[in-house]
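J.: Next input, structure requested:
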Amino acid sequence: MSAPAEPRLLLVTGLSGAGKSTVLRVLEDLGWEVVDNLPLSLLEPLIEAPVHRSEMNRPLAVGIDSRSRGFKPALLVKRIKELRAAGGREIETLFLDCAGAELERRFSETRRRHPLAEDRPAADGIAREREMMESLRRWAEHVVDTTNYSSNDLQQEIRQRFAEAEDDEPALNILSFGFARGLPRHADLVFDMRYLRNPHWDTKLRPGTGLDADVSAYITADPAYEATLAQIETLLLTLLPRYRAEGKSYVTIAFGCTGGRHRSVHCAERVARTLRDAGHAPTVSHRNLDSAPQDGLEGKPPPASPAPGGKS
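T.: Next up is the predicted model:
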């Protein structure tokens with residue numbers, strides 16, 4: 001009988017404003033135990049604290065950065081080496097990096113002060129923190145540069161790296177998005193739903209989303225809807241076991257429409273239900289669900305129906 005796998009410990013660190021809070025939220029959604037801004041002196045007591053048997057193998061993520069009490073990168077690296085030597089935990093470090101200009105933009109946009117530059121420009125604190133963190137960045141097993149990442153891009157990156165797939169089943173994510181706002185970075189399969197009639201051009205349906213019953217009814221009434229969605233579902237149910245056999249750990253299936261609020265959302269939800277009924281366990285995310293509807297993104301409205309008698 002093989003020995004049980006050591007519980008994972010992930011130290012999440014990096015530059016202020018690079019996305020640590022987003023990462024910790026995603027890990028918590030994935031079932032990790034999450035602790036943020038832990039004083040360095042409490043790291044070992046936290047690891048050694050007794051836990052209930054049902055949570056003995058639950059992975060633990062600890063957020064530590066320049067704001068943490070007693071934070072010294074060299075000391076943190078030393079502690080990691082000591083903990084690894086002592087055994088009992090699979091310890092990894094995730095470092096979040098970002099270009100200085102983008103960090104300045106984020107601090108300006110949120111009107112937050114940089115923790116190392118309370119009374120100076122954010123650029124000073126960013127430069128100081130980058131120099132302080134360099135040894136930790138070199139040490140980290142995982143380095144993610146979030147300069148060109150949206151919040152959703154970062155979430156997908158973390159899901160792909162750290163989702164725990166059970167019984168060799170790929171970690172499956174269903175994503176909706178709007179083509180007008182760019183393709184998703186990490187999609188394995190992309191389905192274009194713009195051939196379906198667009199609820200955006202119905203003024204009553206425009207403010208809604210693909211999660212609403214009236215919008216869904218409008219989409220499903222399209223003559224092409226049922227036949228094409230059924231074929232997509234058949235394709236996916238055929239492919240997923242093959243991906244599993246090939247050892248693929250993560251699969252992201254993206255459904256796109258123009259704005260990412262109506263057709264793609266509805267189709268992503270329907271396909272996710274079908275896959276769940278077949279025994280899969282997809283997570284669902286809607287990248288552009290909260291975006292404001294804009295006529296300029298949606299292209300041209302459909303031609304008006306001819307008036308009775310053949311006159312337009």
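
J.: Tell me the bridge partners for A254.
T.: L175, V190 (DSSP bridges).

J.: Identify the residues contacting it.
T.: I174, L175, S176, F177, L183, P184, A187, L189, V190, F191 (Cβ atoms under 8 Å, 6 or more residues apart in numbering). Bear in mind the C-beta positions are built from the backbone N, C-alpha and C, glycine included.

J.: Model confidence for it, exactly?
T.: Looking at A254, its pLDDT is 96.

J.: residue nearest the centroid of the protein?
T.: Residue closest to the average C-alpha location in the chain (Cα atoms, centre = their mean): Q155, at 1.9 Å.

J.: Not counting its neighbours along the chain, what's nearest that one?
T.: V26 (5.0 Å; Cβ to Cβ, 6 or more residues apart in numbering).

J.: Correct me if wrong, but the one you found is in a helix.
T.: Yes - under DSSP: H, G, I helix; E, B strand; the rest coil, V26 falls within a helix.

J.: Give me the neighbour count for it.
T.: 23 (other Cβ atoms under 10 Å).

J.: Also A227?
T.: A227, neighbours per other Cβ under 10 Å, totals 8.

J.: Contacts for stretch 152-159, please.
T.: With Cβ under 8 Å, 6+ apart, stretch 152-159 has contacts from 19, 22-23, 26-27, 30, 144, 146, 149, 171, 173, 175, 184-186, 250, 252, 283, 285, 287.

J.: So which bits of that stretch are buried?
T.: In terms of neighbour count (16 or more other Cβ atoms under 10 Å), stretch 152-159 has its buried residues at N152, D153, L154, Q155, Q156, E157, I158, R159.

J.: can you give me the strands for this protein?
T.: For the chain, the strands defined by DSSP state E cover 8-14, 33-36, 60-63, 90-97, 142-145, 171-178, 189-192, 250-257, 283-286.

J.: got CSV for the ones you listed, with distance to T209 too?
T.: Shown next, in CSV, are the strands of the chain (distance: least, Cβ to Cβ, whole Å):
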stretch, distance to T209
strand 8-14, 32
strand 33-36, 29
strand 60-63, 32
strand 90-97, 31
strand 142-145, 30
strand 171-178, 10
strand 189-192, 18
strand 250-257, 11
strand 283-286, 8
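
J.: Quick one: closest of those strands to E134.
T.: strand 90-97 (10.1 Å; Cβ to Cβ).

J.: I'd like the distance from that closest one to the chain centre, please.
T.: 17 Å (Cα atoms, centre = their mean, to the nearest Å).

J.: how big is the angle separating that strand from strand 8-14?
T.: Interaxial angle of strand 90-97 relative to strand 8-14 (axes from the mean of the first three to the mean of the last three Cα atoms, to 10 degrees): 20 degrees.

J.: quick check: mean pLDDT across strand 90-97?
T.: 89.

J.: how about the helices in this structure?
T.: Counting by DSSP state H, one finds helices in the chain at the ranges 20-29, 43-48, 73-86, 100-110, 122-139, 151-162, 213-220, 225-245, 263-277.

J.: Could the C-alpha coordinates of the helix or strand bottoming out on mean pLDDT in the chain be exported in PDB?
T.: For the chain, counting by mean pLDDT, DSSP states H and E, helix 43-48 ranks last in confidence among helices and strands (a mean of 74). Output of helix 43-48 as PDB, limited to C-alpha atoms (Å, rounded to 0.1, in the frame of the first residue of the first chain):
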ATOM      1  CA  LEU A  43       4.400  30.000  10.100                       C
ATOM      2  CA  GLU A  44       5.800  27.000  11.900                       C
ATOM      3  CA  PRO A  45       3.200  27.000  14.700                       C
ATOM      4  CA  LEU A  46       0.500  27.100  11.900                       C
ATOM      5  CA  ILE A  47       2.000  24.100  10.100                       C
ATOM      6  CA  GLU A  48       2.400  22.100  13.300                       C
END
